[in-house]
Each structure stands twice: as C-alpha cells, then as structure tokens.
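A.B. asks: coordinates only, sequence not included:
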C-alpha cells in the first residue's frame, strides 16, 4: 500500500492529507466536522515523494520520520499546531520529520494499522485497537483527558434527555470514543441509539447548525476540543448541557517495526517535549497541558469499546471470522 505524501522540508511547516492537489479548494470530510481541509500552498512534489520513499524504506535511520496525527481538526490547524513538535524532533534526531494526516477517522485508522506512519497521535479507542490488533506500542498520553459533552442551542433550555425520543442526536465522528460514550450515557438513561433516537452525522459546522435549529436534533455530542474549535458565531449560539464523561487523552504510539532502541529514544523525546521552548509553543497552541506516560488503567478503560470501534471501522479482531483487519507485515 503506498504511503501518503509526506513533506519534511525543514524550511516550512509540513503535512499531508488524502487526495491533496495544488490549488484545490478546502473541503470537509463526510465523517468529521473539519477532518480534511486541503492544503492550497504547493510544496515540492519531488521532494515530498523522495521523503515518503525514504521514510517507507527505514524511518528513524536515514529517511524521514513520519508522525501521523488524527484528523480531529482541519489539516491547516494541525499543520500550525504540530510545527513545534516537528521542529523539536528534527533537531533531536538530526533528520527530516513530516506531519501526515488523512481525510477521516477510518482512513487514518486503516493507514495506522497498515503501518504507514512511524509515530501516531491517535484517539484513545482507535489507539487501543492498533495496540491489540497490530502491535503498536503506547509511548505517551496527552493531558488533560477528553471531556465528552452534550450540547444544545441556547434557545433550547430543556435538559431532559427524553426530548431525543423519536428524534436525532448529532455527532461529527461516529467512530470516536466521545460518540460511543455519549450514546452509553443516553443508554443508561433509557434511550438506545437506532431504537429511541437516530444518530446522525453533522459533517460540518453548517450542517450541525441546521440540525440543531431545525429541531430534528435537539442535542449534539462532541469533545470539548471540538466545541472550542467551532466558529465563534456558532459557539455563541450553543450551550453545554452536560459533561457526560472524562476520557483518556490522545495516545502517542510507536510503529511495531521500529527497533526497541529507537522506540525508547522516541518515547524519551516525547515525554521530555512539554517543558522545552517548542513544547511550550505546542501546548499554548493546542490547549493540552502536558504529556505523561501511559498507565495500564488508561488502556483498560478502553477495552469495553474495542469491538464497537472495530465495527465502526469495518474491521474484525485478528483470527475472527469476517473481513480481515487491515494490517501489513512489518517492513
């Protein structure tokens, strides 16, 4: 499977997204509110291909190191936010580093499982699947954890979940742990998705606004980060009904094909990143407060969501009947 283009040119920020085209118009993914705004600044195609090929041959040796980042916000935001991390790793490793993403959660997860990145920053439930099914190694976890919130229009003062009965619940990422936990919270209150209410996709801010204003979806479920990333005009019309859970933060994981020595080196670097000058810039831009080692409790919290996450991605556990999990052998 070909790797997505990676542009590790040291003189400028770099990222890659699925189906990037020079001069293309930014668009929204069908599975996330801002998952793949496409780059319009042209980067050197030959240099990008050379970097990707070098990284595919042996990341961490003489080629580029590729850090895959979950497309939970637009590629433009990821590009800016992760520039300090790219600079930090380039300086520490004395080699090119590229930031890559994908058009949506399922594509990013399949590329992770196929080994197309060297490091990934990934949603916790997707990361646990990558660990259990494909041997990815948890290296660190972001702080704080992820608040999952139910959101309504300010013009809707009703805090009773029963108003969803026979109507819809809007969500940006059906495969996200936030969406899964939000539906669990409603199930504990006697409302089952697909039976008592319809989970519906809000592909972007415009569609979310339309769904909420129409009354078809009285509530939406999202992370606090997604809420804060809404346009000021939309956010001004919204209110947080309830914080339904506080979830483990994003995981930083290492590809199983990396040597133990390199994986240990990368883990040391990511844990030492926050107090550095680029680390402080990263935290200031991202809203995260720290990066710490992963605990067993963090991982065990995610186990009840393994099967539903696999189903959402169209995957099965290794050895199970059905479609094969998209895992490539180590290169």
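C.D. replies: Now that the structure is in, tell me what you want to look at. Being a predicted model, the structure only gives us computed values, none of them experimental.
A.B. asks: domain assignment for the protein?
C.D. replies: Using automatic domain parsing, the domain ranges for the chain come out as 45-144+248-313, 146-244.
A.B. asks: so which of the ones you listed is the most packed in?
C.D. replies: Counting by mean count of other CB atoms under 10 Å, domain 45-144+248-313 has the highest mean neighbour count of those, with a mean of 20. Where you see a C-beta, it was placed from the backbone N, CA and C, and this is true even at glycine.
A.B. asks: Check the offset of that one from the chain's centre.
C.D. replies: 10 Å (CA atoms, centre = their mean, to the nearest Å).
A.B. asks: returning to what we had before: so can I have JSON lines of the domains of the chain showing mean pLDDT?
C.D. replies: Formatted as JSON lines, these follow (pLDDT from 0 to 100):
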{"stretch": "domain 45-144+248-313", "mean pLDDT": "88"}
{"stretch": "domain 146-244", "mean pLDDT": "92"}
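A.B. asks: so residue 98 sits right up against residue 67, yeah?
C.D. replies: Yes. Assessed by CB atoms under 8 Å, residue 98 is found in contact with residue 67 at 7.1 Å.
A.B. asks: Need the overlap of contacts for the two.
C.D. replies: Counting by CB atoms under 8 Å, 6 or more residues apart in numbering, the shared contacts of residue 98 and residue 67 are residue 86.
A.B. asks: measure the most centrally placed residue in the chain to residue 275 for me?
C.D. replies: For the chain, residue 70 is the residue whose C-alpha lies nearest the centre (CA atoms, centre = their mean; 2.7 Å). Applying CB to CB, to the nearest Å, the value for residue 70 to residue 275 is 24 Å.
A.B. asks: Tell me where the stretch 51-200 of the chain has strands.
C.D. replies: All strands of the stretch 51-200 of the chain, identified by DSSP state E, counting those that start in this stretch, fall at 65-69, 97-100, 119-122, 137-143, 146-153, 168-171, 198-201.
A.B. asks: a markdown table please, covering those strands and showing distance to residue 211.
C.D. replies: Shown next, in a markdown table, are the strands of the stretch 51-200 of the chain (distance: least, CB to CB, whole Å):
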| stretch | distance to residue 211 |
| --- | --- |
| strand 65-69 | 28 |
| strand 97-100 | 31 |
| strand 119-122 | 28 |
| strand 137-143 | 29 |
| strand 146-153 | 10 |
| strand 168-171 | 5 |
| strand 198-201 | 7 |
